[in-house]
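Visitor: Need a 3D model of the sequence below.
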Amino acid sequence: MNLVDCYLDAIRMILEADPDLNFYAKGANKSSSLLFLEKVYRGLRNLFSPNRKIDDTYFLLEKEILNYEKTKKGVVKIESLPQTRIPRLALFFGDFTRVEADAIVNEASEDLTGCYVPGHNCIDNQIHSGAGLACRFACYHEFTLKNIKGYPSFVGVSKGYNLANRFIIHAVTPKSGRRPTDHEITLLMKTYKRVFLAARKIKARSLVLPLIGLEENFFSPKEVISIAIDSAIDAIYQMDNNLIVAIATDNQEIYEKCYKMLEDD
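Guide: Residues are numbered from 1 along each chain as shown. From the prediction side, this is the model:
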(Lines give C-alpha, C1' and ligand atoms only; values in the text may rest on other atoms or scores of the structure.)
Protein backbone atom coordinates (compact mmCIF):
# COMPACT_ATOMS: atom_id res chain seq x y z
CA MET A 1 0.00 0.00 0.00
CA ASN A 2 1.44 3.40 -0.96
CA LEU A 3 1.45 6.37 1.40
CA VAL A 4 -1.51 8.12 -0.21
CA ASP A 5 -3.61 4.99 0.26
CA CYS A 6 -2.41 4.66 3.85
CA TYR A 7 -3.51 8.21 4.67
CA LEU A 8 -6.83 7.80 2.87
CA ASP A 9 -7.55 4.51 4.66
CA ALA A 10 -6.75 6.04 8.05
CA ILE A 11 -8.93 9.06 7.25
CA ARG A 12 -11.75 6.77 6.11
CA MET A 13 -11.61 4.74 9.33
CA ILE A 14 -11.80 7.87 11.48
CA LEU A 15 -14.76 9.18 9.47
CA GLU A 16 -16.54 5.83 9.74
CA ALA A 17 -16.12 6.03 13.51
CA ASP A 18 -17.30 9.67 13.61
CA PRO A 19 -19.19 10.83 10.48
CA ASP A 20 -19.60 14.30 12.03
CA LEU A 21 -15.97 14.96 11.14
CA ASN A 22 -16.59 14.70 7.38
CA PHE A 23 -16.47 18.49 7.11
CA TYR A 24 -12.74 18.46 7.93
CA ALA A 25 -11.81 15.90 5.29
CA LYS A 26 -13.22 17.72 2.25
CA GLY A 27 -10.85 17.51 -0.71
CA ALA A 28 -8.96 14.48 0.61
CA ASN A 29 -8.70 12.04 -2.29
CA LYS A 30 -6.20 10.08 -4.40
CA SER A 31 -5.07 13.20 -6.23
CA SER A 32 -4.30 15.07 -2.98
CA SER A 33 -0.72 15.87 -2.06
CA LEU A 34 0.89 14.04 0.85
CA LEU A 35 1.31 17.37 2.65
CA PHE A 36 -2.43 18.05 2.42
CA LEU A 37 -3.33 14.52 3.55
CA GLU A 38 -0.90 14.82 6.46
CA LYS A 39 -2.59 18.06 7.56
CA VAL A 40 -6.11 16.59 7.24
CA TYR A 41 -5.11 13.41 9.07
CA ARG A 42 -3.51 15.32 11.94
CA GLY A 43 -6.57 17.56 12.27
CA LEU A 44 -8.92 14.57 12.37
CA ARG A 45 -6.82 12.93 15.10
CA ASN A 46 -6.94 16.18 17.04
CA LEU A 47 -10.74 16.36 16.71
CA PHE A 48 -11.52 12.70 17.38
CA SER A 49 -13.19 11.92 20.69
CA PRO A 50 -11.92 8.84 22.56
CA ASN A 51 -15.42 7.99 23.75
CA ARG A 52 -16.10 6.73 20.22
CA LYS A 53 -15.03 3.29 19.06
CA ILE A 54 -12.68 2.73 16.17
CA ASP A 55 -11.61 -0.51 14.52
CA ASP A 56 -8.53 -2.03 16.17
CA THR A 57 -6.79 -2.35 12.80
CA TYR A 58 -6.68 1.45 12.66
CA PHE A 59 -3.82 1.55 15.18
CA LEU A 60 -1.54 -0.56 12.96
CA LEU A 61 -2.13 1.90 10.14
CA GLU A 62 -1.56 4.85 12.45
CA LYS A 63 1.75 3.35 13.57
CA GLU A 64 2.89 2.94 9.97
CA ILE A 65 1.98 6.52 9.04
CA LEU A 66 3.44 8.15 12.14
CA ASN A 67 6.65 6.14 11.80
CA TYR A 68 6.93 7.52 8.26
CA GLU A 69 6.37 11.08 9.52
CA LYS A 70 8.88 10.58 12.34
CA THR A 71 11.51 9.31 9.92
CA LYS A 72 10.80 12.17 7.51
CA LYS A 73 11.38 14.77 10.25
CA GLY A 74 14.49 12.98 11.42
CA VAL A 75 15.17 11.59 14.89
CA VAL A 76 17.87 13.20 17.05
CA LYS A 77 19.37 11.14 19.88
CA ILE A 78 19.50 13.12 23.11
CA GLU A 79 23.03 11.83 23.75
CA SER A 80 24.20 13.57 20.55
CA LEU A 81 23.09 17.04 21.70
CA PRO A 82 25.90 19.38 22.83
CA GLN A 83 25.79 19.83 26.58
CA THR A 84 25.80 23.19 28.33
CA ARG A 85 28.36 24.08 30.99
CA ILE A 86 26.19 21.92 33.29
CA PRO A 87 27.13 18.28 32.66
CA ARG A 88 24.23 16.20 31.24
CA LEU A 89 22.08 19.31 30.62
CA ALA A 90 21.45 20.24 26.98
CA LEU A 91 19.37 22.83 25.15
CA PHE A 92 17.39 21.95 22.04
CA PHE A 93 15.81 24.37 19.57
CA GLY A 94 13.19 23.08 17.16
CA ASP A 95 10.62 20.31 16.99
CA PHE A 96 11.12 18.62 20.36
CA THR A 97 9.17 15.52 19.25
CA ARG A 98 12.24 14.67 17.13
CA VAL A 99 14.41 14.06 20.20
CA GLU A 100 14.78 10.40 21.11
CA ALA A 101 14.91 9.87 24.87
CA ASP A 102 13.40 7.60 27.50
CA ALA A 103 10.71 10.17 28.31
CA ILE A 104 9.28 13.48 27.13
CA VAL A 105 7.23 15.96 29.16
CA ASN A 106 3.82 17.10 27.94
CA GLU A 107 2.01 20.23 29.14
CA ALA A 108 -1.30 18.44 29.48
CA SER A 109 -4.83 19.77 29.32
CA GLU A 110 -7.01 19.43 32.42
CA ASP A 111 -8.90 16.49 30.91
CA LEU A 112 -5.56 14.81 30.13
CA THR A 113 -6.60 13.61 26.65
CA GLY A 114 -4.82 16.21 24.54
CA CYS A 115 -5.61 19.35 22.58
CA TYR A 116 -8.69 19.21 20.34
CA VAL A 117 -7.87 22.24 18.17
CA PRO A 118 -6.81 20.98 14.70
CA GLY A 119 -3.15 21.64 14.01
CA HIS A 120 -2.65 23.81 17.10
CA ASN A 121 1.01 24.48 17.91
CA CYS A 122 0.78 23.99 21.69
CA ILE A 123 2.97 21.39 23.40
CA ASP A 124 -0.05 19.19 24.16
CA ASN A 125 -1.11 19.08 20.51
CA GLN A 126 2.38 18.38 19.23
CA ILE A 127 2.91 15.56 21.71
CA HIS A 128 -0.47 13.90 21.10
CA SER A 129 -0.22 14.38 17.33
CA GLY A 130 3.11 12.56 17.35
CA ALA A 131 1.95 9.85 19.75
CA GLY A 132 -1.32 9.28 17.89
CA LEU A 133 -4.84 8.34 18.90
CA ALA A 134 -3.34 5.33 20.65
CA CYS A 135 -2.15 7.77 23.32
CA ARG A 136 -5.45 9.66 23.51
CA PHE A 137 -7.37 6.41 24.02
CA ALA A 138 -4.87 5.25 26.66
CA CYS A 139 -5.17 8.54 28.58
CA TYR A 140 -8.96 8.37 28.33
CA HIS A 141 -8.99 4.89 29.85
CA GLU A 142 -6.30 5.60 32.42
CA PHE A 143 -7.55 8.99 33.58
CA THR A 144 -11.01 10.01 32.32
CA LEU A 145 -12.80 6.71 32.96
CA LYS A 146 -11.26 6.59 36.44
CA ASN A 147 -12.52 10.13 37.16
CA ILE A 148 -8.96 11.43 37.48
CA LYS A 149 -8.84 15.16 36.79
CA GLY A 150 -5.79 17.18 35.90
CA TYR A 151 -5.51 19.62 38.78
CA PRO A 152 -2.60 22.12 38.76
CA SER A 153 0.67 20.25 39.50
CA PHE A 154 -0.87 16.87 38.60
CA VAL A 155 1.56 14.52 36.86
CA GLY A 156 0.68 11.22 35.18
CA VAL A 157 2.55 8.84 32.89
CA SER A 158 1.62 7.03 29.69
CA LYS A 159 3.57 5.09 27.10
CA GLY A 160 5.13 7.11 24.30
CA TYR A 161 3.34 5.12 21.58
CA ASN A 162 4.44 6.52 18.21
CA LEU A 163 6.88 9.12 19.54
CA ALA A 164 10.64 8.59 19.76
CA ASN A 165 10.17 8.19 23.52
CA ARG A 166 9.23 5.21 25.68
CA PHE A 167 7.15 7.35 28.05
CA ILE A 168 5.22 10.62 28.16
CA ILE A 169 5.06 12.47 31.47
CA HIS A 170 1.81 14.47 31.35
CA ALA A 171 2.02 17.52 33.61
CA VAL A 172 -0.75 20.05 34.29
CA THR A 173 0.54 23.54 35.01
CA PRO A 174 -1.40 26.24 36.87
CA LYS A 175 -3.31 28.48 34.45
CA SER A 176 -3.75 32.17 35.15
CA GLY A 177 -5.33 34.98 33.17
CA ARG A 178 -3.39 37.57 35.15
CA ARG A 179 -0.06 38.03 36.90
CA PRO A 180 0.50 34.73 38.76
CA THR A 181 0.34 34.75 42.53
CA ASP A 182 3.13 33.43 44.75
CA HIS A 183 0.97 30.34 45.28
CA GLU A 184 0.75 29.72 41.52
CA ILE A 185 4.50 30.13 41.13
CA THR A 186 4.96 27.59 43.94
CA LEU A 187 2.56 25.25 42.14
CA LEU A 188 4.61 25.53 38.95
CA MET A 189 7.76 24.70 40.88
CA LYS A 190 5.96 21.70 42.40
CA THR A 191 4.89 20.58 38.91
CA TYR A 192 8.48 20.54 37.69
CA LYS A 193 9.59 18.67 40.82
CA ARG A 194 6.87 16.06 40.28
CA VAL A 195 7.96 15.64 36.66
CA PHE A 196 11.41 14.58 37.82
CA LEU A 197 9.96 12.36 40.54
CA ALA A 198 7.92 10.64 37.81
CA ALA A 199 11.08 10.31 35.70
CA ARG A 200 12.80 8.62 38.63
CA LYS A 201 9.86 6.28 39.17
CA ILE A 202 9.91 5.04 35.57
CA LYS A 203 13.73 4.79 35.72
CA ALA A 204 14.21 7.24 32.85
CA ARG A 205 17.86 7.86 32.03
CA SER A 206 17.06 10.69 29.60
CA LEU A 207 14.32 13.31 29.48
CA VAL A 208 13.13 15.87 26.94
CA LEU A 209 11.77 18.87 28.84
CA PRO A 210 9.76 21.37 26.79
CA LEU A 211 9.27 24.58 28.77
CA ILE A 212 5.91 23.91 30.39
CA GLY A 213 4.16 26.88 32.00
CA LEU A 214 4.53 29.41 29.20
CA GLU A 215 1.28 28.65 27.40
CA GLU A 216 -2.10 30.25 28.18
CA ASN A 217 -0.93 31.99 31.33
CA PHE A 218 1.03 35.01 32.50
CA PHE A 219 4.17 33.37 33.85
CA SER A 220 7.11 35.32 32.51
CA PRO A 221 9.67 33.49 30.36
CA LYS A 222 12.34 34.35 32.93
CA GLU A 223 10.33 32.72 35.75
CA VAL A 224 9.62 29.56 33.76
CA ILE A 225 13.16 29.20 32.42
CA SER A 226 14.64 29.73 35.89
CA ILE A 227 12.34 27.09 37.42
CA ALA A 228 13.09 24.65 34.60
CA ILE A 229 16.86 25.09 34.84
CA ASP A 230 16.95 24.87 38.65
CA SER A 231 14.70 21.78 38.65
CA ALA A 232 16.79 20.08 35.96
CA ILE A 233 20.09 20.79 37.73
CA ASP A 234 18.71 19.51 41.05
CA ALA A 235 17.48 16.31 39.39
CA ILE A 236 20.75 15.74 37.52
CA TYR A 237 22.77 15.97 40.73
CA GLN A 238 20.29 14.10 42.93
CA MET A 239 19.33 11.18 40.68
CA ASP A 240 21.81 8.33 40.68
CA ASN A 241 21.24 7.10 37.12
CA ASN A 242 23.29 9.68 35.18
CA LEU A 243 20.12 11.40 33.96
CA ILE A 244 20.47 13.48 30.77
CA VAL A 245 18.01 16.36 30.36
CA ALA A 246 17.34 18.42 27.24
CA ILE A 247 15.40 21.63 27.87
CA ALA A 248 13.54 22.21 24.60
CA THR A 249 11.66 24.97 22.84
CA ASP A 250 10.63 25.80 19.29
CA ASN A 251 10.71 29.54 20.03
CA GLN A 252 13.94 31.25 18.98
CA GLU A 253 13.62 34.12 21.48
CA ILE A 254 12.94 31.73 24.38
CA TYR A 255 15.86 29.54 23.32
CA GLU A 256 18.21 32.52 23.36
CA LYS A 257 16.94 33.53 26.83
CA CYS A 258 17.59 29.98 28.05
CA TYR A 259 21.11 30.02 26.65
CA LYS A 260 21.89 33.40 28.19
CA MET A 261 20.53 32.45 31.63
CA LEU A 262 22.61 29.27 31.67
CA GLU A 263 25.75 31.12 30.62
CA ASP A 264 25.17 33.95 33.13
CA ASP A 265 24.54 31.65 36.10
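Visitor: can you give me the strands for the stretch 101-250 of the chain?
Guide: When secondary structure is read from DSSP state E, counting those that start in this stretch, the stretch 101-250 of the chain shows strands at 155-159, 165-171, 206-210, 244-249.
Visitor: Could you pull out the buried residues of the first one?
Guide: The one in question is strand 155-159. Val155, Gly156, Val157, Ser158 (16 or more other Cβ atoms under 10 Å). Bear in mind the C-beta positions are built from the backbone N, C-alpha and C, glycine included.
Visitor: Distance check, the second one against Ile202.
Guide: Just to be clear, that refers to Gly156. As judged by Cβ to Cβ, to the nearest Å, Gly156 and Ile202 stand 11 Å apart.
Visitor: hey, what's in contact with both of those two?
Guide: Contact with both Gly156 and Ile202 is made by residues Ile169, according to Cβ atoms under 8 Å, 6 or more residues apart in numbering.
Visitor: how does the chain divide into domains?
Guide: Residue ranges for the structural domains of the chain, counted by automatic domain parsing, are given in the record as 3-71, 75-264.
Visitor: Can you say which of the ones you listed is packed in most?
Guide: domain 75-264 (a mean of 19; mean count of other Cβ atoms under 10 Å).
Visitor: now the domains of the chain in JSON lines, with mean pLDDT?
Guide: JSON lines is the format used below for the domains of the chain (pLDDT from 0 to 100):
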{"stretch": "domain 3-71", "mean pLDDT": "97"}
{"stretch": "domain 75-264", "mean pLDDT": "95"}
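Visitor: Quick check, Glu216 in contact with Lys175.
Guide: Yes: checked against Cβ atoms under 8 Å, the pair Glu216 and Lys175 is within contact range at 5.7 Å.
Visitor: For this structure, which segments count as helices?
Guide: Under the criterion DSSP state H, helices of the chain are mapped to 3-17, 34-47, 58-73, 123-131, 133-142, 182-201, 221-238, 252-264.
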